[in-house]
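In: Need coordinates for the following:
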Amino acid sequence: MSLFNFIKKQLISSLNGKEIKEQSKIKKVSNNKKLLYFNEEYENLKMSTPINLEEASKLFLSKVCCNCGYILAKDIKGTTKCPECKEKVYVRTDMISKKKLVIGEKDIEKFNKYDKLVREILFIERLMKNKEYIFRDYMELFYSLKQKSSSVKDTVWQFSNKVGCEMDNMGYKQFMKASKLESTDRVLENDNAIRNLELATLQYVALYEIANYEKKNEIAFNLLTDIAYRDIQIVVLDKEGNPFHEFEMEDYINKVHSALTMEFLEKNNYTIDEFKNKFLENRHPFILPRLSNEETWKYIEKALKRQQTWNKNYCKK
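Out: Numbers count the residues shown, from 1 in each chain. Next comes the predicted model:
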């Protein structure tokens, strides 16, 4: 062991009582942050990263320069230069454990790579948790795909796609069954069909969220047009199966994922007309289409323009 590494080891092991208390507090937070769906992937990532994260955390707590072992007089709050060796010292945060880390110049790129993968795991974990009420009946499929997939993104992309197809299939069967029933009986079965079709749409939303996160704009754009098409077609089906409700324009435009769409358009400097062109040229996959692209667009346009007005008047103040 080199003299520097020996001194650094001694410094780390001699944290005072306050620092030990601080460290145990951080450890407690870390334990509370155990992931439900992708904890194994996070632990494997931690083990494989070339940076010693525990040591980096202890260096932060003991205010030690990771380059030369110099004890800094003040807390390290951001990127700074060590007054002893003149090398840069970076403060970063492990996004899952929430521990503050001290990283040296030679390791910052390695940390950035690790940090990108951690953020990806967290993003996909949140996506799964947000939709766990849908997924609870499909967890056997999830774990099966997880064993075969190369990344957390691939796992959830395939999973959402398969769950969406399954829910579309259930919705189709329920709708066709409802269409053969008398009016009163038909409404309940039709409601079940519409619910499953809407849950299938949420799987398209999950696919959009992944594509948007990866900045795959073309895929994200196309998925938004498919989602908008589905939104309107499902209302038309609901109208067919529910003779007791008088459907108005509001019923159609309220179902459009207009906030999601306008957020994407505005963020990427697309206009509503550009969305229209993309929408009209695409063939949208749906098992029970009722309206043409042109007929469907009339409702979508109203929804997007209303959302655009809302954004201008309220969201940017």
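
In: where in the stretch 101-250 of the chain is pLDDT low?
Out: Scanning the stretch 101-250 of the chain for pLDDT under 70 picks out no residues.

In: Do a quick rundown of the helices in it.
Out: 108-130, 132-135, 139-148, 152-178, 183-213, 217-241, 249-253 (DSSP state H, counting those that start in this stretch).

In: Can I get those in TSV including distance to residue 297 and mean neighbour count?
Out: To be clear about C-beta, it is placed using only N, CA and C from the backbone, and glycine gets the same treatment. Listed next are the helices of the stretch 101-250 of the chain as TSV, based on distance: least, Cβ to Cβ, whole Å; neighbours: other Cβ atoms under 10 Å:
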stretch	distance to residue 297	mean neighbour count
helix 108-130	29	17
helix 132-135	29	14
helix 139-148	35	13
helix 152-178	22	19
helix 183-213	18	19
helix 217-241	9	20
helix 249-253	12	15
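
In: To residue 294, which of these lies closest?
Out: helix 217-241 (11.6 Å; Cβ to Cβ).

In: Now do that closest one: which elements does it pack against?
Out: helix 152-178, helix 183-213, helix 249-253, helix 258-267, helix 272-281, helix 293-310 (3 or more Cβ pairs under 8 Å, 6 or more residues apart in numbering; DSSP states H and E).

In: Neighbours of the closest residue to residue 256 other than its chain neighbours, how many?
Out: Among residues not flanking residue 256 along the chain, residue 303 sits closest, at 3.7 Å (Cβ to Cβ, 6 or more residues apart in numbering). The number of residues packed near residue 303 is 24, by other Cβ atoms under 10 Å.

In: tell me the contacts of residue 303?
Out: 252-254, 256, 258 (Cβ atoms under 8 Å, 6 or more residues apart in numbering).

In: which one of the residues you listed is nearest residue 68?
Out: residue 258 (56.4 Å).

In: tally of neighbours for the residue nearest to that closest one when sequence neighbours are not counted?
Out: Closest residue to residue 258 apart from its sequence neighbours, by Cβ to Cβ, 6+ apart: residue 307 at 3.8 Å. Around residue 307 there are 23 other residues, counting by other Cβ under 10 Å.

In: Go ahead and confirm residue 307 touches residue 260.
Out: No - using Cβ atoms under 8 Å, residue 307 makes no contact with residue 260, being 9.4 Å away.

In: Let's have the helices and strands packed on helix 217-241 in CSV, adding distance to residue 134.
Out: Below are the helices and strands packed on helix 217-241 laid out as CSV (distance: least, Cβ to Cβ, whole Å):
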stretch, distance to residue 134
helix 152-178, 7
helix 183-213, 6
helix 249-253, 23
helix 258-267, 17
helix 272-281, 26
helix 293-310, 24
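
In: Of all those, which one comes closest to residue 48?
Out: Taking those one by one with Cβ to Cβ, helix 152-178 is closest: 14.6 Å.

In: hang on, residue 163 packs against residue 138?
Out: Yes - with contact defined as Cβ under 8 Å, residue 163 counts as touching residue 138 (5.3 Å).

In: which residues does the residue nearest to residue 258 contact?
Out: Neighbouring residues of residue 307 by Cβ under 8 Å, 6+ apart: 258-259, 261-262.

In: what pLDDT does it get?
Out: Residue 307 carries a pLDDT value of 96.

In: what does the one 10 residues further on give?
Out: Model confidence at residue 317, expressed as pLDDT, equals 51.

In: Kindly report the same for residue 14.
Out: For residue 14, pLDDT reads 46.

In: Now do the strands in the stretch 1-150 of the chain.
Out: 80-81, 88-93, 100-104 (DSSP state E, counting those that start in this stretch).

In: which of those is buried the deepest?
Out: Here the criterion is mean neighbour count by mean count of other Cβ atoms under 10 Å, and of the strands of the stretch 1-150 of the chain the winner is strand 100-104, at a mean of 22.

In: what sits up against that one?
Out: Residues contacting strand 100-104 (Cβ under 8 Å, 6+ apart): 51, 53, 56-57, 59-61, 64-67, 76, 87-94, 111.

In: Distance to residue 291 for the helices of the stretch 101-250 of the chain - can I get that in JSON lines?
Out: Formatted as JSON lines, the helices of the stretch 101-250 of the chain follow (distance: least, Cβ to Cβ, whole Å):
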{"stretch": "helix 108-130", "distance to residue 291": "30"}
{"stretch": "helix 132-135", "distance to residue 291": "26"}
{"stretch": "helix 139-148", "distance to residue 291": "32"}
{"stretch": "helix 152-178", "distance to residue 291": "16"}
{"stretch": "helix 183-213", "distance to residue 291": "15"}
{"stretch": "helix 217-241", "distance to residue 291": "6"}
{"stretch": "helix 249-253", "distance to residue 291": "10"}
